[in-house]
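>>> No sequence on hand, only this structure:
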C-alpha cells in the first residue's frame, strides 16, 4: 500500500537520482519494504507527499511548503519542544525525505522537521551535470573528498535555519538535531560539530566526513551524540569510509560517536535503520514541556497572521463564519490550550 510507495519513492530518489549513473548497477535495495509499517508503527494521518498544496493538516501534524522548505510540525504549534533538520542526498530534494519525516512525526509528535533542498549546481563527478547538491563532488577517493566547493555556503544555510528557529520560537539549540542521508548526512556532521552552540545530536545515514582538513570541533561540543548508520555493502560510500570517518572525527576530539553497521545494506535505507533513527531521536530529544516553543500571543497578531496560524493548525472549517478578530483570537487560543473548539 502507501508504505510500499513511500519506501519505493525514497529508494528510487536516493538511488536513481542521488548516485552517479556509473554506480547505479551496484545499488542494493532493502530486503523487506513491506515491513516498514511494523518497524515504525502504522500511525495515522495518511497523506500524499506529492501534493501541490502549501499547507496540509494531518491527524497530529501539518505539512507546509514555504520558500523551498518542507516543514512537518505538530498540529498544535504549542506542543513543539524539539527540531530536526533533515537533509537529502546528492541529486534529490526535500521531497525525497518527506514521507520519512511524516512517519517520524507520527511517532514523535513533539518534534518539528524541516527539510531544505540543496541549490542546483554542476557536479564534477557526474560529468558536470547540474543537480541539487550541497557541494561539488569531484571523486570518491579521500583526496577528492577534500574538494567540496560550496560546502561553506550550505553550512550557512543550515545554520540560518537553526538561528531563525531559535530567534522566532526561543527553542534552545540543545533541543535541535541535524540529520541527513549520504551528502546530506555529511553536511550535517560538518555543520553540527562546528557550530558555536551545542546541539542535541547528529544523525548520519550512509554518510562520511567531507573536507576533513577544514573540519574542527568547536570546544565544548566534543560529547555531542553522533549516530552513524551505514550499510556494510554500500558500493558508493563504502563501509571503510564510515570507519575512517569515525576515526577522523574521534581523533579531532569527539567522544560520543556510535557507528552502527547494517549487514548487506547498500547505499540506501532499511526499515531497521529508520526504526533505530527514530529511537535515537526519542532518546536525545524526548518530550520536554519546559522547552516548548514560545509563540506569539494571538491577541498581538494581525488578522492576516491569525488566518495563517488557523490554516496551519487545520482549523479552517471551524473559522468559517467568524467575522471579528476577537473570534479568531479565541479560536486559536482555545486550540493552543487544548480546549474543545467544536
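Noted; the coordinates are in hand. Quantities reported herein were computed from a predicted structural model and do not represent experimental measurements. Numbers count the residues shown, from 1 in each chain.
>>> So residue 70: helix, strand or coil?
Assigned with DSSP: H, G, I helix; E, B strand; the rest coil, residue 70 falls in the strand class.
>>> now stretch 289-299, how far from the centre of its chain.
How far stretch 289-299 lies from its chain's middle: 23 Å, per C-alpha atoms, centre = their mean, to the nearest Å.
>>> In it, which residues are buried?
By neighbour count on 16 or more other C-beta atoms under 10 Å, the buried set for stretch 289-299 is 291-293, 295, 298. Yep, even glycine has a C-beta here, placed from its N, CA and C like the rest.
>>> can you list the residues that contact it?
Outside stretch 289-299, the residues that touch it by C-beta atoms under 8 Å, 6 or more residues apart in numbering are 77-82, 169-172, 175, 305-306, 309, 328-329, 332-333, 336.
>>> rerun that using 7 Å as the cut-off
77-78, 80-81, 169-172, 175, 306, 329, 332-333 (C-beta atoms under 7 Å, 6 or more residues apart in numbering).
>>> likewise stretch 227-242?
Around stretch 227-242, the neighbours that count as contacts under C-beta under 7 Å, 6+ apart are 19, 23, 26, 28, 182, 201, 203-208, 246, 257-267, 273, 276-277, 280.
>>> change it to 8 Å
Residues outside stretch 227-242 that contact it (C-beta under 8 Å, 6+ apart) are 19, 23, 26-28, 140, 182, 185, 201-208, 245-246, 257-268, 270, 273, 276-277, 280.
>>> Could you tell me the model confidence score at the closest residue in space to residue 265 that isn't next to it in sequence?
The spatial neighbour of residue 265 that comes closest, neighbours along the chain excluded (C-beta to C-beta, 6 or more residues apart in numbering), is residue 231 at 3.0 Å. For residue 231, the model assigns a pLDDT of 98.
>>> Return the set of residues that bridge with residue 231.
Each beta-bridge partner of residue 231 is listed here, defined by DSSP bridges: residue 262.
>>> Run a quick neighbour tally on it.
Close neighbours of residue 231, defined as other C-beta atoms under 10 Å, add up to 26.
>>> how much space between it and residue 209?
The gap separating residue 231 from residue 209 is 17 Å, by C-beta to C-beta, to the nearest Å.
>>> Let me see the backbone angles for residue 149.
phi -60, psi 130 (degrees, to the nearest 10).
>>> residues contacting it?
Residues in contact with residue 149 (C-beta under 8 Å, 6+ apart) are 135-136.
>>> Could you do residue 244 as well?
By C-beta under 8 Å, 6+ apart, the residues touching residue 244 are 142, 208-209.
>>> for residue 310, same thing?
Counting by C-beta under 8 Å, 6+ apart, residue 310 touches 316, 319, 328, 331-332.
>>> Next secondary structure after the helix or strand hosting it?
Residue 310 is part of helix 303-312, with elements assigned from DSSP states H and E. Scanning forward in sequence from helix 303-312 by DSSP H and E, the next helix or strand is helix 316-319.
>>> can you map out the helices along the stretch 51-200 of the chain?
98-107, 151-169, 183-192 (DSSP state H, counting those that start in this stretch).
>>> Between helix 183-192 and the longest one, find me the angle.
Put plainly, it is helix 151-169. Put simply, helix 151-169 runs at 70 degrees to helix 183-192, going by axes from the mean of the first three to the mean of the last three C-alpha atoms, to 10 degrees.
>>> What's the separation between residue 301 and residue 168?
Distance of residue 301 to residue 168, given as C-beta to C-beta: 14 Å.
>>> Which residue in the contacts of residue 310 has the weakest pLDDT?
residue 316 (83).
>>> Can you give me every residue that contacts that residue?
residue 310.
>>> returning to that earlier point: same list (the contacts of residue 310) but as a markdown table, adding distance to residue 190.
Output for these, formatted as a markdown table (distance: C-beta to C-beta, whole Å):
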| residue | distance to residue 190 |
| --- | --- |
| 316 | 41 |
| 319 | 44 |
| 328 | 44 |
| 331 | 44 |
| 332 | 39 |
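>>> returning to what we had before: mind listing what's buried along the helix holding residue 310?
Neighbour-count burial for helix 303-312 flags 306-307, 309-312 (criterion: 16+ other C-beta under 10 Å).
>>> next one: phi and psi at residue 208?
The phi/psi pair for residue 208 (degrees, to the nearest 10) reads phi -160, psi 170.
>>> hang on, it packs against residue 245?
Yes: in this structure residue 208 lies within contact range of residue 245 using C-beta atoms under 8 Å: 4.9 Å.
>>> quick one: contacts for the closest residue to residue 179 other than its chain neighbours?
Distances taken as C-beta to C-beta, 6+ apart place residue 203 nearest to residue 179, at 3.7 Å, with adjacent residues excluded. By C-beta under 8 Å, 6+ apart, the contact list for residue 203 reads 177-180, 185, 188, 227-229, 277, 280-281.
>>> Of all the helices of the stretch 51-200 of the chain, which one is nearest residue 126?
Closest of those to residue 126 is helix 183-192, at 12.0 Å (criterion: C-beta to C-beta).
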